[in-house]
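Asker: compute the structure for the input listed below.
(one chain, ligands or ions: 1)
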Amino acid sequence: MSNAAITTVGERSAVKVSAEKKEAYYKTLERLNLIPFWEVRKQLVSFEPTTPCLPHIWRFDDVKESIQLLGSYIDVKGAERRALVLENPGLPGGAQVTKSLYASLQYVEPGEVEDSHRHVASAFRFVLEGEGAHTTVAGERFFLSAGDVVLTPNMTWHEHGNETDHPMIMFDALDIPLVNHFGASFKGLMDGPHEIALPSGYGLARFGAGAMPVNHRPSHAAIVSPMRHYPYARLRVALEQMKKTNEWDPCHGLKVQYANPATGDHAFPTIGLFLQLLPAGFESVPYRSTDESIYVVAEGTGTTIVGETKIKWGRNDVFVVPSWQYCQHVPDGDAVLFSCSDLPAQQKLGLWREQRGNEAMTFE
Ligand SMILES: [Fe+2]
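Answerer: Sure, this is the predicted structure:
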């Protein structure tokens with residue numbers, strides 16, 4: 001292409017080309033699968049983060065009956081999992097709770113053992129109700145209590161089972177939208193039962209006691225925690241100890257992240273998991289960040305102000321704080337919030353930014 005051809009189009013389109021010629025030019029672009037940059041530039045590169053994701057709350061009291069009915073309405077063999085997807089009202093049709101994450105509420109019926117499968121999407125469960133049901137991950141079975149987290153990392157075999165006389169309800173989150181964005185999804189179905197190869201409690205004992213096995217060599221999962229089970233009781237004790245030593249963050253109260261004990265990094269490379277205690281009388285300083293967060297209320301009641309929206313919450317409610325909207329937590333008394341977001345993925349890609357209170361924003 002000659003330079004003359006480029007300058008001719010630019011000069012004439014501004015002042016000398018007729019409307020008919022310009023219309024014909026646009027039709028040619030359409031036929032060639034070319035899009036005028038100047039018509040999409042504002043939506044492509046915004047001056048600040050924008051997202052269609054909306055602040056939203058699913059109140060547990062509102063959805064619990066629908067979850068319980070899964071036990072009699074849905075055959076787990078045909079459905080694979082009895083789960084109801086939390087679809088953000090600003091993101092219809094994509095089974096997305098935020099732009100990058102999927103979340104659902106899953107029901108495990110007494111006497112039920114699901115078929116084992118695995119997939120590239122990383123997943124975790126946060127137990128809302130039920131005591132003693134189990135999840136098996138890569139040959140290790142974890143018996144779970146309310147508030148416990150269990151990880152099912154990238155391509156690890158897993159299934160859930162319940163040999164108690166009461167159902168279990170779990171909050172699930174997966175990085176499905178992120179994996180599908182990259183076109184990188186794979187899945188496998190186990191042919192036969194999932195063999196239990198490790199004693200119960202193995203991972204927590206081996207990796208959760210402040211020591212690593214000698215000559216520990218992380219496998220493909222160097223970037224994924226070798227520990228799969230994070231009992232709520234252990235993290236709750238940590239938060240109480242932090243309260244005694246005044247390890248306050250003005251934006252987050254007393255907050256910990258679920259860590260990979262082998263590296264100190266996040267438990268997953270794509271999803272960050274957090275637990276925070278908001279003590280009675282605490283009111284967080286307004287805060288915003290580029291990761292969209294999903295909160296699950298583990299204890300207490302309170303209000304979270306997201307931009308212009310006030311969200312009143314109680315135990316087991318799930319709510320969303322979209323990207324770059326100011327967020328402020330005001331608990332009614334001691335309250336504990338579990339949360340997750342794509343923060344580690346954004347940090348690894350150099351995308352993550354935050355603004356704390358009135359601190360100046362830096363773009364480095
Ligand atoms: Fe799964």
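
Asker: sketch out the low-pLDDT regions of this structure for me.
Answerer: 1-15, 218-222, 362-364 (pLDDT under 70).

Asker: which parts of the stretch 101-250 of the chain are strands?
Answerer: Remark: strands assigned in the stretch 101-250 of the chain by DSSP state E, counting those that start in this stretch are 102-108, 117-119, 123-129, 134-137, 140-143, 149-152, 158-161, 168-174, 187-189, 229-230.

Asker: with distance to residue 330 added, can I get the ones you listed in TSV?
Answerer: Any C-beta I mention is one placed from the backbone N, CA and C, and that applies to glycine too. Shown next, in TSV, are the strands of the stretch 101-250 of the chain (distance: least, CB to CB, whole Å):
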stretch	distance to residue 330
strand 102-108	24
strand 117-119	39
strand 123-129	23
strand 134-137	34
strand 140-143	35
strand 149-152	25
strand 158-161	35
strand 168-174	23
strand 187-189	42
strand 229-230	27
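
Asker: what's the closest of the ones you listed to residue 333?
Answerer: strand 123-129 (20.4 Å; CB to CB).

Asker: list of residues touching the closest one?
Answerer: With contacts defined as CB atoms under 8 Å, 6 or more residues apart in numbering, strand 123-129 is touched by 60, 105-106, 135, 144-152, 158, 160, 167-174, 232, 267-268, 271, 273, 296, 316, 338, 340.

Asker: which of these count as buried?
Answerer: 60, 105-106, 135, 144, 146-152, 158, 160, 167-174, 232, 267-268, 271, 273, 296, 316, 338, 340 (16 or more other CB atoms under 10 Å).

Asker: may I see the buried residues of stretch 178-193?
Answerer: The neighbour-count check on stretch 178-193 (16+ other CB under 10 Å) flags 178, 179, 180 as buried.

Asker: wait, residue 290 touches residue 354, no?
Answerer: Yes - contact status for residue 290 versus residue 354: in contact at 7.4 Å, counting by CB atoms under 8 Å.

Asker: these two: which has the busier surroundings?
Answerer: residue 290 (19 against 14; other CB atoms under 10 Å).

Asker: quick one, what contacts residue 143?
Answerer: 132, 133, 134, 200.

Asker: quick check: PyMOL command selecting the buried ones in these.
Answerer: In PyMOL, this line selects whichever of the contacts of residue 143 come out buried by 16+ other CB under 10 Å:
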select buried, resi 133+134
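
Asker: and of the strands of the stretch 101-250 of the chain, who's closest to residue 79?
Answerer: Closest among those, once you apply CB to CB, is strand 102-108, at 10.4 Å.

Asker: buried residues, that closest one. List them.
Answerer: Quick answer for strand 102-108 (16+ other CB under 10 Å): 102, 103, 104, 105, 106, 107, 108.

Asker: what do you get for stretch 239-248?
Answerer: Neighbour counts over stretch 239-248 (16+ other CB under 10 Å) mark 239, 242 as buried.

Asker: convert the C-alpha atoms of that stretch to CSV, please.
Answerer: C-alpha atoms of stretch 239-248 as CSV (Å, rounded to 0.1, in the frame of the first residue of the first chain):
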residue,chain,number,x,y,z
LEU,A,239,-8.5,-13.5,63.3
GLU,A,240,-9.2,-13.4,67.1
GLN,A,241,-5.4,-13.3,67.7
MET,A,242,-5.0,-10.4,65.3
LYS,A,243,-7.8,-8.6,67.1
LYS,A,244,-5.8,-8.9,70.3
THR,A,245,-2.7,-7.5,68.7
ASN,A,246,-4.5,-4.7,66.9
GLU,A,247,-3.4,-5.7,63.4
TRP,A,248,-6.1,-3.4,61.9
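
Asker: what's in contact with it?
Answerer: So stretch 239-248 is contacted by 254, 256, 275, 276, 277, 279, 336 (CB under 8 Å, 6+ apart).

Asker: closest to residue 360 out of these?
Answerer: Proximity of the contacts of stretch 239-248 to residue 360 (CB to CB) peaks at residue 276, which lies at 24.9 Å.

Asker: wait, isn't the closest one in contact with residue 251?
Answerer: No - counting by CB under 8 Å, residue 276 sits too far from residue 251 to count as a contact (10.0 Å).

Asker: now do the shared contacts for these two.
Answerer: Counting by CB under 8 Å, 6+ apart, no residue touches both residue 276 and residue 251.

Asker: and residue 349, how close does it get to residue 284?
Answerer: Distance of residue 349 to residue 284, given as CB to CB, to the nearest Å: 27 Å.

Asker: the more surrounded of those two?
Answerer: Neighbours were counted for residue 349 and for residue 284 using other CB under 10 Å; residue 284 has more, 21 against 9.

Asker: what sits closest to that one if chain neighbours are left out?
Answerer: residue 329 (4.4 Å; CB to CB, 6 or more residues apart in numbering).

Asker: which residues do residue 290 and residue 354 both contact?
Answerer: By CB under 8 Å, 6+ apart, no residue touches both residue 290 and residue 354.

Asker: now, the contacts of stretch 239-248 that are in helices?
Answerer: Per DSSP state H, helices hold no members of those.

Asker: in TSV: these, plus distance to residue 245 and neighbour count.
Answerer: TSV is the format used below for the contacts of stretch 239-248 (distance: CB to CB, whole Å; neighbours: other CB atoms under 10 Å):
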residue	distance to residue 245	neighbour count
254	10	22
256	13	16
275	17	24
276	16	22
277	13	25
279	13	17
336	18	23
